[in-house]
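S.K.: Build me a model from this:
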Amino acid sequence: MSRIGKLPVNLPAGVTVQVLDGNVVKVKGPLGELSQKVDPDITVTVEGNEIKFTRPSDLPRFRSMHGLYRALVHNMVVGVSEGFTIKQEFVGVGYRVAVQGQTISLSLGYSHDIQILLPKEITAETPQVRKGENPLLVLKSADKQLVGQVAAKIRSFRRPEPYKGKGIKFVGETLRRKAGKTAAAK
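M.R.: Numbering: from 1, shown residues only. Okay, here's the model as predicted:
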C-alpha cells in the first residue's frame, strides 16, 4: 500500500468536497474553489470529514497514481483553507520589483524592465524593507501548482549565479557558492 495514498485527507471546518461525474473532485473553502480530475481507476470516497483513496490492484501504474492524486487533493484542501505563500528575494545592485494590480514590473539589470501579468487567482505584494536590505516579492494563492509555476517563471528571468549570489532566489534557499579565480603565484 502506498504510504501517502493510504492516509486519509482530513477536512478542516468550512471546507466542503464533492465528487462529481467523471471522477472530478471539487473542493470549496473560504479562500476559493478548486477542482481536479482524478483517474477513473482510483476510487475517491468522502466519509464524514475525511477523503479516502483506494486503488484496484498493486500494479505499478495504480500504485503511482494512488499517492499522486491523494497529494493533489490534499494540496487543494490546504489551499482553500490556509492558502500558499511564496517569498522571493531580489539580490543585486539596482534589482527592483514593483506591483501595480495584477502587473509586476521587474528591473533586473537588463536594458528594459520586464512586465508580467499575473493570473487572477494570484495576489502579489512587495513589503517595505529597510535600507540596505534586498527587495522582496510575496505571491499568495489557493492553487499550489499555479503559484509555484508563476514563481519559477519570475525566477527564470535572473537565476542566482554561484559566484556572488546575484539573482532572484526564494527566501530561505541556500545557494551553492563557488570560489572565484585566484591569481597564480610566481
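S.K.: which residues sit in contact with the residue lying closest to Q102 once chain neighbours are set aside?
M.R.: Using Cβ to Cβ, 6 or more residues apart in numbering and skipping the chain neighbours, the partner closest in space to Q102 is L118 (4.6 Å). All C-beta spots, glycine's among them, are computed from the backbone N, C-alpha and C. Residues in contact with L118 (Cβ atoms under 8 Å, 6 or more residues apart in numbering) are Q102, T103, I104, A124, V150.
S.K.: hmm, try it at 10 Å
M.R.: Counting by Cβ atoms under 10 Å, 6 or more residues apart in numbering, L118 makes contact with V99, G101, Q102, T103, I104, A124, L139, S141, L146, V147, V150, I154.
S.K.: again with P160
M.R.: Neighbours of P160 in contact, by Cβ under 10 Å, 6+ apart: E89, V91, G92, K166, G167, I168, K169, F170, E173, L175, R176, R177.
S.K.: Quick check: chain neighbours aside, which residue is closest to it?
M.R.: G167 (3.6 Å).
S.K.: Give me the number of neighbouring residues for that neighbour.
M.R.: 20 (other Cβ atoms under 10 Å).
S.K.: Looks to me like E33 is in a strand.
M.R.: Yes - judged by DSSP: H, G, I helix; E, B strand; the rest coil, E33 forms part of a strand.
S.K.: roughly how far apart are it and A71?
M.R.: 19 Å (Cβ to Cβ, to the nearest Å).
S.K.: All set, thanks.
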